[in-house]
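> Quick one: sequence plus predicted model below, questions after.
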There are 2 protein chains.
Amino acid sequence: MIMKTNRVCDLFGIKYPIVQGGMAWCSGWRLASAVSNAGGLGLLGAGSMHPDVLREHIRRSKEATGKPFGVNVPLMYPQIDLLMRVLAEEQVNIVFTSAGNPKTWTPYLKDHGMKVAHVVSSSRFAAKCEEAGVDAVVAEGFEAGGHNGREETTTLCLVPAVRRATSLPLLAAGGIGTAGARRAAEALGAEGVQVGTRFALTKESSAHENFKQWCLNLGEGDTRLLLKKLTPARLAKGAFANAVEAAEGRGASPDELRGLLGKGRARRGIFEGDLDEGELEIGQVVSLFGEVLSVREVMDELTAGL
Amino acid sequence: MIMKTNRVCDLFGIKYPIVQGGMAWCSGWRLASAVSNAGGLGLLGAGSMHPDVLREHIRRSKEATGKPFGVNVPLMYPQIDLLMRVLAEEQVNIVFTSAGNPKTWTPYLKDHGMKVAHVVSSSRFAAKCEEAGVDAVVAEGFEAGGHNGREETTTLCLVPAVRRATSLPLLAAGGIGTAGARRAAEALGAEGVQVGTRFALTKESSAHENFKQWCLNLGEGDTRLLLKKLTPARLAKGAFANAVEAAEGRGASPDELRGLLGKGRARRGIFEGDLDEGELEIGQVVSLFGEVLSVREVMDELTAGL
């Protein structure tokens, strides 16, 4: 064993500096607890949960693992105060916030004794994290699935920039689903990784089987950063993404895109498996994967050489 | 010294597996010979040279270095047959081809005893390289400056995919300008790197001083992949790129974009230093650099730990 002291492991009380991204419609208690039981940090994806559903998933996670786990909260969540109250009431220990300003909720979470990590897509926001009292920063690049930054900075360019901007424990995200990419992230200055796509396609993920199987057949170029005039998101090419791309090529307005997007499409695509009408969020690295594995198998692969 | 046998070094007869990208308007004999003299592989950028200018630069390179150097040829070059004849007549030993099908010219170049590398942005084209008899593959990601692939695959996702697709010696390109990124590329399976942007901003680069100084002030998000309806290119934000981006947001047609682009804009921007009217090609990694260095200083930084 050549494992050295690692600030990410120390901060969260975990064995391996590998965090499973808290993804909408994929990251329920089964996935999060399996990752935590395997020595990583599992995160519940609160973005797709009503506050009461989140409470249920927190309780189930506690039953399913004695190890640390956390919750990802996208700060653009509409009833964010209700969600935050649940985190406090259920005495969650670790929260990853994303898609918003780290200054807004970090004091509240810290006051309730939680460790807080924040996801950024620029070094400017990494500096804000430090001012906000965040405990760790996740630098997530252009290749990541789902919601994404406006500056399109890739993980390879972003991680060194964020490393310069902050001395906080740093995790890399976006494009990381193999031990090789984990080692690459470390070479860039990251102390750990957050892995989304590879875990979205595990047996324990709550994504629909249609979605998983279809994703495993995607190749390079089959995901796109779209909806840039609203909130940019990386989507897999399917009927909905193709319609968005065509509309954007014509110069569609934000209002037209909002109309096209409508409501509940991510649920329909990822959770209900409707590949035509659904919004199918997945990372670019999906092209490397060919089968649904168990969390344990993914963790074995990711920790190779650790 | 812990240097192991390296196929890229063996193939080209160089000390370090570091290739300087053959960039339009930056990569003349001064830059290429300085890189070769420092133990890397310097490439002339034939894309911005008339055939007779290329001949002159090849001859000057031979005078300036006794070490191996090469020429990059974008296969979309209008008088490509004239350029190829110059390569043969001047007995160039190493050619990197890009922006086209590797099958078209590789037999000619191999028949003239040259080593041939080809730049790809997908694993599909890497497989074609192998069929074409190419000697090495450069996998260049979305973050690279100038002409770029349509699939937007980042270096972090592309290199492992190309590594699976071919057993040829593999170089990574796009987003690589530091020793950390070089090591990251190796972790992904690359055996060497091609570095553009960092060398474009050296003393020996033939880019205009205005261009170099202006590039050094660019931050994250200040380059964009534009002109996607023509040939995608990564441009730094300036008056011209902003006009293109605005036109694309309105859904501009390929014809409208061609009119906006006109002729000779890269020369005006990069070589003549016209930051308003010029097309300013540079990679995303530019945000990490703050000063013009000599080639020797860049090579010392890139080879740290080798």
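Thanks, I have it.
> Only C-alpha atoms from now on, for both contacts and neighbour counts.
Fine.
> quick one, helices of the stretch 101-250 of chain A?
Counting by DSSP state H, counting those that start in this stretch, the stretch 101-250 of chain A has helices at residues A:102-111, A:123-132, A:155-165, A:179-187, A:197-200, A:209-215, A:239-249.
> can you give me the offset of the third one from its chain's centre?
Okay, so that is helix A:155-165. 18 Å (CA atoms, centre = their mean, to the nearest Å).
> how about the residues of the stretch 1-150 of chain A near chain B?
Listed as neighbours of chain B in the stretch 1-150 of chain A under the rule CA under 8 Å from any CA of the partner chain: A:Ser122, A:Glu143, A:Arg150.
> same thing but at 7 Å, please
Residues of the stretch 1-150 of chain A found near chain B (CA under 7 Å from any CA of the partner chain) are A:Glu143.
> in the stretch 1-150 of chain A, what spans have low per-residue confidence?
For the stretch 1-150 of chain A, applying pLDDT under 70 flags the ranges A:1-4.
> Including mean neighbour count, could the helices of the stretch 101-250 of chain A go into JSON lines?
As requested, the helices of the stretch 101-250 of chain A are exported to JSON lines (neighbours: other CA atoms under 10 Å in any protein chain shown):
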{"stretch": "helix A:102-111", "mean neighbour count": "17"}
{"stretch": "helix A:123-132", "mean neighbour count": "19"}
{"stretch": "helix A:155-165", "mean neighbour count": "25"}
{"stretch": "helix A:179-187", "mean neighbour count": "25"}
{"stretch": "helix A:197-200", "mean neighbour count": "28"}
{"stretch": "helix A:209-215", "mean neighbour count": "18"}
{"stretch": "helix A:239-249", "mean neighbour count": "18"}
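> Kindly reformat these as a markdown table containing distance to A:Leu44.
Converted to a markdown table, the helices of the stretch 101-250 of chain A look like this (distance: least, CA to CA, whole Å):
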| stretch | distance to A:Leu44 |
| --- | --- |
| helix A:102-111 | 16 |
| helix A:123-132 | 21 |
| helix A:155-165 | 23 |
| helix A:179-187 | 22 |
| helix A:197-200 | 12 |
| helix A:209-215 | 18 |
| helix A:239-249 | 26 |
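> Which stretches in chain A count as strands?
With DSSP state E as the criterion, chain A has strands at A:18-20, A:42-45, A:69-74, A:94-98, A:115-120, A:136-140, A:146-147, A:170-173, A:192-195, A:223-226, A:233-236.
> how far away is A:Val162 from A:Gln284?
Distance, A:Val162 to A:Gln284, using CA to CA, to the nearest Å: 21 Å.
> contacting residues for A:Ala64?
Taking CA atoms under 7 Å, 6 or more residues apart in numbering or on different chains, we find A:Ala64 in contact with A:Ser33.
> How about the longest helix that chain A contains, which residues are buried there?
In chain A, with assignment by DSSP state H, the single longest helix is helix A:51-64. Neighbour counts over helix A:51-64 (16 or more other CA atoms under 10 Å in any protein chain shown) mark A:Pro51, A:Leu54, A:Arg55, A:His57, A:Ile58, A:Ser61, A:Ala64 as buried.
> Now do the same contact list for A:Phe271.
Applying CA under 7 Å, 6+ apart, the residues contacting A:Phe271 are A:Trp25, A:Ser206, A:Ala207, A:His208.
> Dump those into TSV; add neighbour count as well.
Output for those, formatted as TSV (neighbours: other CA under 10 Å):
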residue	neighbour count
A:Trp25	25
A:Ser206	22
A:Ala207	24
A:His208	20
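> Chain B: which of those residues is nearest?
Closest to chain B out of these is A:Ala207 (22.7 Å), distances taken as CA to the nearest CA.
> ok, now which ones touch A:Asn6?
So A:Asn6 contacts A:Glu191 (CA under 7 Å, 6+ apart).
> where's it relative to A:Leu170, distance?
11 Å.
> Report the set of residues contacting both of the two.
Residues touching both A:Asn6 and A:Leu170 (CA under 7 Å, 6+ apart): A:Glu191.
> coming back round to it: closest to A:Gly192 among the buried residues of helix A:51-64?
Lowest distance from A:Gly192 to these (CA to CA) belongs to A:Ser61, with 22.6 Å.
> give me the number of residues near the spatially closest residue to the closest one that is not a sequence neighbour?
Setting aside the residues directly before and after it, A:Ser61 is nearest to A:Trp29 in space (CA to CA, 6 or more residues apart in numbering or on different chains), at 5.0 Å. Using other CA atoms under 10 Å in any protein chain shown, A:Trp29 has 28 other residues around it.
> B:Lys237: which of the helices of the stretch 101-250 of chain A is closest?
Between B:Lys237 and the helices of the stretch 101-250 of chain A, the shortest separation by CA to CA is 17.2 Å, and it involves helix A:155-165.
> orientation of that closest one relative to helix A:179-187 in degrees?
30 degrees (axes from the mean of the first three to the mean of the last three CA atoms, to 10 degrees).
> Return helix A:155-165 as CSV; C-alpha atoms alone will do.
Below are the C-alpha coordinates for helix A:155-165, written out as CSV (Å, rounded to 0.1, in the frame of the first residue of the first chain):
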residue,chain,number,x,y,z
THR,A,155,-11.2,19.6,-17.1
LEU,A,156,-7.6,19.5,-18.5
CYS,A,157,-7.5,23.3,-18.6
LEU,A,158,-9.8,24.0,-15.6
VAL,A,159,-8.1,21.9,-12.9
PRO,A,160,-4.7,23.6,-13.1
ALA,A,161,-6.4,27.0,-13.1
VAL,A,162,-8.5,26.2,-10.0
ARG,A,163,-5.4,24.7,-8.4
ARG,A,164,-3.7,28.0,-8.7
ALA,A,165,-6.7,29.9,-7.4
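> Now do the same contact list for A:Glu160.
Quick fix: residue A:160 is Pro, not Glu. A:Leu188, A:Gly189.
> gap between it and A:Thr97?
To A:Thr97, A:Pro160 is 21 Å away according to CA to CA.
> do the same with A:Met23
12 Å.
> residues contacting A:Tyr16?
A:Cys9, A:Gly39, A:Gly40.
> swap the cut-off to 10 Å and go again
A:3, A:6, A:8-10, A:36, A:38-41, A:192-193, A:299, A:302-303, A:306 (CA atoms under 10 Å, 6 or more residues apart in numbering or on different chains).
> In PyMOL, how would I select the buried members of those residues?
Buried subset of those, written as a PyMOL selection, criterion 16+ other CA under 10 Å:
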select buried, chain A and resi 8+9+36+38+39+40+41+192+193+299+302+303
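> wait, which of the contacts of A:Tyr16 is closest to B:Val116?
Nearest to B:Val116 among those: A:Leu302, at 35.2 Å, using CA to CA.
> A:Gly180 is in contact with the closest one, correct?
Yes. In terms of CA atoms under 10 Å, A:Leu302 counts as a neighbour of A:Gly180; the distance is 8.2 Å.
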